[in-house]
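*Asks:* Sequence and predicted structure below; questions after.
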Amino acid sequence: GFDLIAGKRRKGYGYFILAMQSAMLLVTLYAASVGVSILGNSSRLLLFMFAFVYLCVVSLVGVCLTRRYKYPDLTKSILFSKISLGLVLLFFAGGSVYLINPYVYAVDAIFASSPMPGVDQYYPPADDSAPQSQSAIASTESAHTGRINILLIGSDADTDRYGVTTDSLNVVSIDLTTMNSTIIGIPRNLTDAPIPAYLRDQYFPKGYRNLINTLYWWGESNPSAVNSALVGGQYPGATLLSYSVATLLGMPLDAWIMVDMGGFINVIDAAGGMQVYVDKDLAVPGRVTGSKGITTDLNKGWHYMDGTNALSFARSRQSDSDYWRMGRQRCLLASLVAQKTPIDILLRWPALAAVLGNNVQTNLKSDMLRALVNLAGADTNGVKFLSLVPPLVPADGWDSEFVRKLVYGAVYDVPYTELFEDTSEIVAPSAPDE
């Protein structure tokens, strides 16, 4: 700008550079408006970077040309232009390697083609009685606009068991306007999980009597059966599990994210660890699958946890029960959300991308990514927890109408007195929400 004032052609070049800078501003504002969803669309990201680099180079060339009028010595102008252009290209080449290379790897490894099933309004089936829970489902679906519901699956293929079990099941419901969220914990030992009618007729005439944490592996082992009942896609096990959870809760699910618990350690380490408050003295397993060392028991108070300690904390049940363990898993989720900002994610992006590509799969769409990243650094006061565990909800023989009303009230801030005639039956869950 100062060069233009001194140049004899300041008016013409002034308009030119003003146009280029305005275009750069518009491109930048567009990128800010779509945010992290760019990361889910390679063509959009490459187009944005090409436009930005092009406008930067053209603007710089314009500035270089104006300097020729201020400095008639052509040698100096050419040298200045070469150095400036070289620095700009080096900057963007380095940025491309930093952002795009790990991004392409992560997208190829993480994002799966797997459709989401709908909600079965007629659960529980297998009798001639009137369908249950239609009112609760209708209310949930009508209010679903403006929210995304994501199933978080923690999978575990330990050496002492056959196949893959899903020992951590949580649904995160996010209000896209306020960014308040509700985390719903589902016990892994739930029995009689709902399955599609085709699978009941052909494979499980008495219902699915195994624990719900085995449903994913059954779907992965029987893809043709799942595809006959649902459109299973690339991960039929995740599709079947999503159907079951959506039907249990009476709420539509938009996507699932599955994390290999063996790789959970590397994910936390790549994110830089976290501070966690342990509310009581806790005995932890000395070594867990994938650990990078032996852990020691935790005393009550604040602790910095790397991946190994965080996984030991999440999986310990030596001092209490499965339901307390579910509470600790939600504690880690809330701590991670509260302590990691979008800047942290960007600065650690290459390491995170490599780790996520090896340990995470999801069918998230690009427009959902922004909502998740916007949660980073959020106030945990905006996070609510609902644990569907005894004595609130028995693990065997769920009352579907009761559970769906609980979920609806927790997600949409509806007082339970408006949903239940008698609230004395709503007992506080035994798992800790703190």
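*Replies:* Received, thanks.

*Asks:* alpha carbons only for contacts and neighbour counts from here, please
*Replies:* Will do.

*Asks:* contacting residues for the spatially closest residue to Asp322 that is not a sequence neighbour?
*Replies:* Beyond its immediate neighbours in the sequence, the residue positioned closest to Asp322 (C-alpha to C-alpha, 6 or more residues apart in numbering) is Pro187, lying 7.9 Å away. Going by C-alpha atoms under 8 Å, 6 or more residues apart in numbering, Pro187 touches Ser168, Leu169, Asp322, Tyr323, Met326, Leu388, Val389, Ala395.

*Asks:* what's the spacing between Pro187 and Leu392?
*Replies:* Here the criterion is C-alpha to C-alpha, to the nearest Å. By it, Pro187 lies 12 Å from Leu392.

*Asks:* Mind listing the shared neighbours of those two?
*Replies:* With C-alpha under 8 Å, 6+ apart, Pro187 and Leu392 have no common neighbours.

*Asks:* Tell me the buried residues in the helix or strand in which Leu406 is found?
*Replies:* In this assignment (DSSP states H and E), Leu406 forms part of helix 400-412. Buried residues in helix 400-412, counted by 16 or more other C-alpha atoms under 10 Å: Ser400, Glu401, Phe402, Val403, Arg404, Lys405, Leu406, Val407, Tyr408, Gly409, Ala410, Val411.

*Asks:* For the fourth one, give its distance to Leu386.
*Replies:* Taking C-alpha to C-alpha as the measure, Val403 and Leu386 are separated by 11 Å.

*Asks:* what does Arg328 give?
*Replies:* Arg328 is 13 Å from Leu386, by C-alpha to C-alpha.

*Asks:* Specify which residue of these two has the higher count of neighbours.
*Replies:* Set side by side, Arg328 and Leu386 show more neighbours around Arg328, with 25 against 21, by other C-alpha atoms under 10 Å.

*Asks:* Check the gap between the more buried one and Asp279 for me.
*Replies:* Distance from Arg328 to Asp279, by C-alpha to C-alpha: 10 Å.

*Asks:* before we move on, what about Ala314?
*Replies:* 13 Å.

*Asks:* pLDDT score for Ser321?
*Replies:* Ser321 is assigned 69 on the pLDDT scale.

*Asks:* let me redo that: Arg315
*Replies:* So, for Arg315, pLDDT stands at 77.

*Asks:* How is the residue lying closest to it once chain neighbours are set aside assigned, secondary-structure-wise?
*Replies:* The spatial neighbour of Arg315 that comes closest, neighbours along the chain excluded (C-alpha to C-alpha, 6+ apart), is Arg325 at 6.2 Å. Taking DSSP: H, G, I helix; E, B strand; the rest coil as the rule, one finds Arg325 in the helix state.

*Asks:* just checking, Arg325 touches Ser312?
*Replies:* No. Taking contacts as C-alpha atoms under 8 Å, Arg325 lies outside contact range of Ser312: 10.4 Å.

*Asks:* Between the two, which contacts overlap?
*Replies:* Common neighbours of Arg325 and Ser312 are not found (criterion: C-alpha under 8 Å, 6+ apart).

*Asks:* the more surrounded of the two?
*Replies:* Using other C-alpha under 10 Å, the more surrounded residue of Arg325 and Ser312 is Ser312, with 25 against 22.
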